[in-house]
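Visitor: fold the following for me, if possible:
(one chain, ligands or ions: 1)
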Amino acid sequence: MDSTAPPVLDGAGRANAPIGVFDSGFGGLTVARAVVDLLPHEDIVYLGDTARAPYGPRPIAQVRGFVLEALDDLVSRGVKALVIACNTGSAAALRDARERYGVPVIEVVVPAARKAAAITRNDRIGVICTRATASSRAYDDALGASPVRLFTQVCSKFVEYVEAGVTTGSQILATAREYLAPLQEAEIDTLILGCTHYPLLSGVISYVMGERVTLVSSSDECARTTFAELTGLGLLRDDLDHEPTRRFITTGDAEQFQGLGRRLMGGFVDGVQAARIPG
Ligand code: DGL
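Guide: Prediction:
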């Protein structure tokens, strides 16, 4: 499906355009927040496809279609760069997205894999992710050139907990213990949070894994890559007194999204709008 033609931007117009951030739902907000920490003057448009989340249990081909529809929507809003703030979405649609759009497309998998490979001391890395990300083998590919062993664990229920606003308590602790036991047995020293929902669970994950295991957040690494790419391309705003705007759009229920935002991220999520995609 073709997107609406985006406004033609060049020079300062292009640098002053917003950054588009996309996730299946709420998880990409961990990326958006990390981007805001590093680039506080930038405008952001966030799109969460909450109506069709979770993506993790869906076939990769279906996820690819959903991601491209969502990215078409962001491009039609005139963004200067796309951040696929979703491991499942990156695994499914990165190549198509890079071919399809005339703006830089930044993703989460390679930045996280690169960081994990750089910091592991025993070359035993774990990744926790959705079923779709695991079956795409995106992390295996990203780590292919380094001499590490990768242990993959699917943690499907984690996304459901986050989307329900549950990040602490005995139930999630029991679930985390069950999911993470094989990675403890594998004696990994580095664990990639290979889903952007999971940084909101890093309390319980690090509690279970213990302090000898270093967590790598795909969200933080993606934000650093966003900073580096936009700096390298000369695409950052230079009017540092600009009052940034942050728009949050969901394909689901705006009130629910805002409520969850308040609960898990305080004042970061404000003024959520509902939209349909395709529009
Ligand atoms: N946050 C998404 C990711 O990074 C996936 C969540 C979902 O299953 O929709 O993989």
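
Visitor: which pLDDT value belongs to the spatially most central residue of the chain?
Guide: Ranked by distance to the mean C-alpha position of the chain (Cα atoms, centre = their mean), the top residue is residue 85 at 2.5 Å. If you check residue 85, the pLDDT there is 98.

Visitor: so where do the strands sit in the stretch 101-250 of the chain?
Guide: Using DSSP state E, counting those that start in this stretch, the strands found in the stretch 101-250 of the chain span residues 105-106, 124-129, 149-154, 190-193, 214-217, 246-250.

Visitor: nearest to residue 53 among these would be which one?
Guide: Residue 53 lies closest to strand 246-250 among those, at 9.6 Å (Cβ to Cβ). C-beta coordinates here come from the backbone N, C-alpha and C atoms, glycine included.

Visitor: quick one: residue 109 from residue 250, how far?
Guide: Shown here: residue 109 relative to residue 250, a distance of 24 Å by Cβ to Cβ, to the nearest Å.

Visitor: residues from this protein in reach of the ligand?
Guide: 23-25, 27, 53-56, 86-88, 130, 133, 159, 195-197 (Cβ under 6 Å from any ligand atom).

Visitor: in helices, which of those appear?
Guide: Those of the residues of the chain next to the ligand mapping onto helices are 87, 88, 133, 159, per DSSP state H.

Visitor: surely residue 111 and residue 218 touch.
Guide: Yes - if you go by Cβ atoms under 8 Å, residue 111 and residue 218 touch, sitting 7.1 Å apart.

Visitor: and the two? Which one has more around it.
Guide: residue 218 (34 against 24; other Cβ atoms under 10 Å).

Visitor: for that one, what are its contacts?
Guide: 87, 108, 109, 111, 112, 192, 193, 194, 195, 196 (Cβ atoms under 8 Å, 6 or more residues apart in numbering).

Visitor: what about the third one, neighbour count?
Guide: Applying other Cβ under 10 Å, we find 28 other residues in the vicinity of residue 109.

Visitor: wait, it sits on residue 91?
Guide: Yes - the criterion here is Cβ under 8 Å, and residue 109 meets it with residue 91 at 6.4 Å.

Visitor: residues shared between the contacts of those two?
Guide: Listed contacts common to residue 109 and residue 91 are 133, 138; contacts here mean Cβ under 8 Å, 6+ apart.

Visitor: which ones are touching the nearest residue to residue 250 once chain neighbours are set aside?
Guide: Nearest residue to residue 250, sequence neighbours excluded (Cβ to Cβ, 6 or more residues apart in numbering): residue 257, at 4.3 Å. Shown in contact with residue 257 (Cβ under 8 Å, 6+ apart): 26, 48, 50, 248, 250, 269, 272.

Visitor: what does residue 206 give?
Guide: Here residue 206 is in contact with 213, 215 (criterion: Cβ under 8 Å, 6+ apart).

Visitor: and the pLDDT for it?
Guide: 98.

Visitor: need the buried ones from the ones in helices among the residues of the chain next to the ligand selected in ChimeraX.
Guide: Restricted to buried positions by 16 or more other Cβ atoms under 10 Å, the ChimeraX selection for these reads:
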select :87,88,133,159
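
Visitor: want to try CSV for the ones in helices among the residues of the chain next to the ligand, with distance to residue 125 as columns?
Guide: Putting these into CSV (distance: Cβ to Cβ, whole Å) gives the following:
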residue, distance to residue 125
87, 15
88, 19
133, 15
159, 21
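
Visitor: out of the ones in helices among the residues of the chain next to the ligand, which is nearest to residue 224?
Guide: Of those, the one sitting nearest to residue 224 (Cβ to Cβ) turns out to be residue 87, at 16.0 Å.

Visitor: these two touch, right, residue 29 and residue 265?
Guide: Yes - counting by Cβ under 8 Å, residue 29 touches residue 265, with 6.1 Å between them.

Visitor: neighbour count: those two, which is higher?
Guide: Taking neighbours as other Cβ under 10 Å, residue 29 and residue 265 compare with residue 29 leading, 27 against 16.

Visitor: what sits against the more buried one?
Guide: Counting by Cβ under 8 Å, 6+ apart, residue 29 makes contact with 23, 46, 48, 261, 265, 268, 269.
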